[in-house]
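Novice: Show me the folded form of this:
(one chain, ligands or ions: 1)
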Amino acid sequence: MADHAILAGKRVLLVVAGGIAAYKSLDLIRRLRERGAAVRAVLTEAGARFVTPLSVQALTEDTVYQDLWSLTDESEMGHIRLSREADLLVVAPATANLLARMAAGMADDLAATVLLATDKPVLVAPAMNVRMWQHAATRANMALLESRGVRRIGPNEGVMACNEYGPGRMAEPMEIVDAIAAIFAEDAHRPLAGRRAIVTSGPTHEPIDPVRYIANRSSGKQGHAIAAALAKLGAAVTLVSGPTRLPDPPGCSVAHIETAREMLAACEAALPADIAVCAAAVADWRVDTESDRKLKKDGGGPPALALTENPDILATLSRPGKRRPALVVGFAAETGDVLAYATAKRTRKGCDWIVANDVSPGTGTFGGSDNTVHLIRADGVESWPTMPKDAVAARLAEAVAGYFAGK
Ligand code: CTP
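Specialist: Numbers count the residues shown, from 1 in each chain. As a prediction, the model looks like this:
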């Protein structure tokens, strides 16, 4: 159980949407206040049908906000202030409707507007009928919100008010209190605050002509997860990303590039930095002379593509000099003799650490969610168990923080 002492003096903005579980939110307010947190509440129109503004007001000992247009200080951007004056936004219960409106970025009532305007962490406690929770639309909305950094607690499995059984019950108030305390604790753990990091991620696209390019199967999942993990520990992260299908990770500034040369330029523009992690699968070669017209079948057989080598971003960033980041980390994607090749790569590229992984067909690493890696440093190799790419990223970020501890 998380240490609740951290809740003292924290300001929680609680959004209560319309669901039968809203009655539990009254208890949540009490539990938070018992632990010294200040709670301010926003009720949606439907929320106010399940709990009365009067009981919420009595428990929060604060004004209850309901209407986007009735804030006396709307001229002073009341909804912006509401979200900025909180340390954390909690949506409990989070209905399918409100999750959908959040995912779509709507601002059609006070609750949605506050959630759109906030720059604070957001925790949702979904509560709805099991079919609604399992519907592809809700799954997609929830996944999108989580990819943007929204945290979730529950729903729990059990008998629901509608007599169906399954996941859909809102987490219990004390579980929500625990989750809130855990978020505050996590957010207080910022060992990389004040450090700057550059992370490369994804493939590069090297144009052949205006419609064709050379690319590879990198999804960018690992690199994006590392950028997010370093940012979570407080680093100011510039993510230099090739074309991927991933949303920009929360808390990072992102440079979107296509080619290896653009990636190098964006990395150099982000210097100076303390940390560089090169997780991108940079195309080793590009076409020597890119055609400015689409190559046509002209009866003379296929064109011969002359290739030329791309700049090595990792090796360039690792070069000794005033602007070299203190810690440069490379990746080694190998399909055999992983440790031997990766150890040699560390020396050849001049970086400090190599994260080595086996990307042989069948391992599912490229594009998959899991990764099995070895962390190779000057003084030895650590082999990590197979884990989700997010967990690899979190562990690597902690290792980076360990490196800088006391420096
Ligand atoms: N890398 C880079 N720029 C390049 C090529 C690779 O920054 N032009 C970086 C990758 O981001 C990764 C590391 O170098 O961190 C190793 O990439 P990998 O493709 O495994 O190595 P290669 O340099 O291609 O070496 P080899 O061909 O021997 O596998």
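Novice: Number of residues surrounding the residue lying closest to residue 135 once chain neighbours are set aside?
Specialist: Residue nearest to residue 135 in three dimensions, not counting chain neighbours: residue 96, with 7.4 Å by CB to CB, 6 or more residues apart in numbering. Where you see a C-beta, it was placed from the backbone N, CA and C, and this is true even at glycine. When neighbours are counted by other CB atoms under 10 Å, residue 96 registers 22.
Novice: Residue 128 is in contact with residue 96, correct?
Specialist: Yes. Using CB atoms under 8 Å, residue 96 is in contact with residue 128, at 4.8 Å.
Novice: any common contacting residues for the two?
Specialist: Counting by CB atoms under 8 Å, 6 or more residues apart in numbering, the shared contacts of residue 96 and residue 128 are residue 138.
Novice: For stretch 25-45, list every residue counted as buried.
Specialist: Neighbour-count burial for stretch 25-45, counted by 16 or more other CB atoms under 10 Å, picks out 25-26, 28-29, 31-33, 35, 37-44.
Novice: Need the max-distance pair from these.
Specialist: Distance extremes for the buried residues of stretch 25-45: the farthest pair is 35 and 44 at 25.5 Å, using CB to CB.
Novice: so residue 86 is in which element?
Specialist: Element membership of residue 86, judged by DSSP states H and E, is empty: it is in no helix or strand.
Novice: ok, it touching residue 121?
Specialist: No. Using CB under 8 Å, residue 86 makes no contact with residue 121, being 9.6 Å away.
Novice: check contacts around residue 393.
Specialist: Counted by CB under 8 Å, 6+ apart, residue 393 has contacts 222, 225, 226, 228, 229.
Novice: The residue nearest to the second one when sequence neighbours are not counted: helix or strand, and which one exactly?
Specialist: If the residues on either side of it in the chain are set aside, residue 225 comes closest to residue 393, at 3.6 Å by CB to CB, 6+ apart. Using DSSP H and E, the secondary-structure element containing residue 393 is helix 389-404.
Novice: Tell me the buried residues in that helix?
Specialist: Neighbour-count burial for helix 389-404, counted by 16+ other CB under 10 Å, picks out 389-397, 399-401, 403-404.
Novice: So which bits of the stretch 251-400 of the chain are right by the ligand?
Specialist: Residues of the stretch 251-400 of the chain found near the ligand (CB under 6 Å from any ligand atom) are 260, 278, 280, 282, 284, 310, 312-314, 330-333, 345.
Novice: Specify the residue ranges that define each domain of the protein.
Specialist: 4-188, 196-405 (automatic domain parsing).
Novice: As CSV, those with mean pLDDT would be great.
Specialist: Shown next, in CSV, are the domains of the chain (pLDDT from 0 to 100):
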stretch, mean pLDDT
domain 4-188, 92
domain 196-405, 94
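Novice: For the residue most central in space within the chain, which three-state class applies?
Specialist: By CA atoms, centre = their mean, the chain has its centre lying nearest to residue 249, at 4.2 Å. The local conformation at residue 249, judged by DSSP: H, G, I helix; E, B strand; the rest coil, is coil.
Novice: Please name the nearest non-neighbouring residue to it.
Specialist: Closest residue to residue 249 apart from its sequence neighbours, by CB to CB, 6+ apart: residue 228 at 3.8 Å.
Novice: Is the one you found part of a helix or strand, or is it coil?
Specialist: helix.
Novice: do residue 348 as well
Specialist: helix.
Novice: follow-up on the earlier one: would you mind measuring from the residue nearest to the centre of the chain to residue 215?
Specialist: Relative to residue 215, residue 249 is positioned 21 Å away (CB to CB, to the nearest Å).
Novice: need the contact list for residue 215.
Specialist: Residues in contact with residue 215, defined by CB under 8 Å, 6+ apart, are 203, 204, 205, 206, 243, 283.
Novice: how about TSV for these, with distance to residue 156 added?
Specialist: As requested, those are exported to TSV (distance: CB to CB, whole Å):
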residue	distance to residue 156
203	40
204	44
205	45
206	49
243	39
283	47
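Novice: can you pull out the helices in this protein?
Specialist: Taking DSSP state H, the helices of the chain run over residues 22-34, 47-50, 53-60, 78-84, 96-104, 110-117, 130-134, 136-147, 173-188, 221-232, 260-270, 313-318, 338-349, 389-404.
Novice: Now do the fourth one: everything it contacts.
Specialist: Judged by CB under 8 Å, 6+ apart, the contacts made with helix 78-84 from elsewhere in the structure are 13, 40, 42, 65, 68, 71-73, 89, 110, 113-115, 117-120.
Novice: Compute the number of surrounding residues for the residue nearest to residue 249.
Specialist: Neighbours of residue 228 (other CB under 10 Å): 23.
Novice: now it: how far from residue 357?
Specialist: On the measure of CB to CB, residue 228 and residue 357 end up 19 Å apart.
Novice: From the ligand, how far off is residue 246?
Specialist: 17 Å (CB to the nearest ligand atom, to the nearest Å).
Novice: I'd like to know how many residues surround residue 263.
Specialist: 26.
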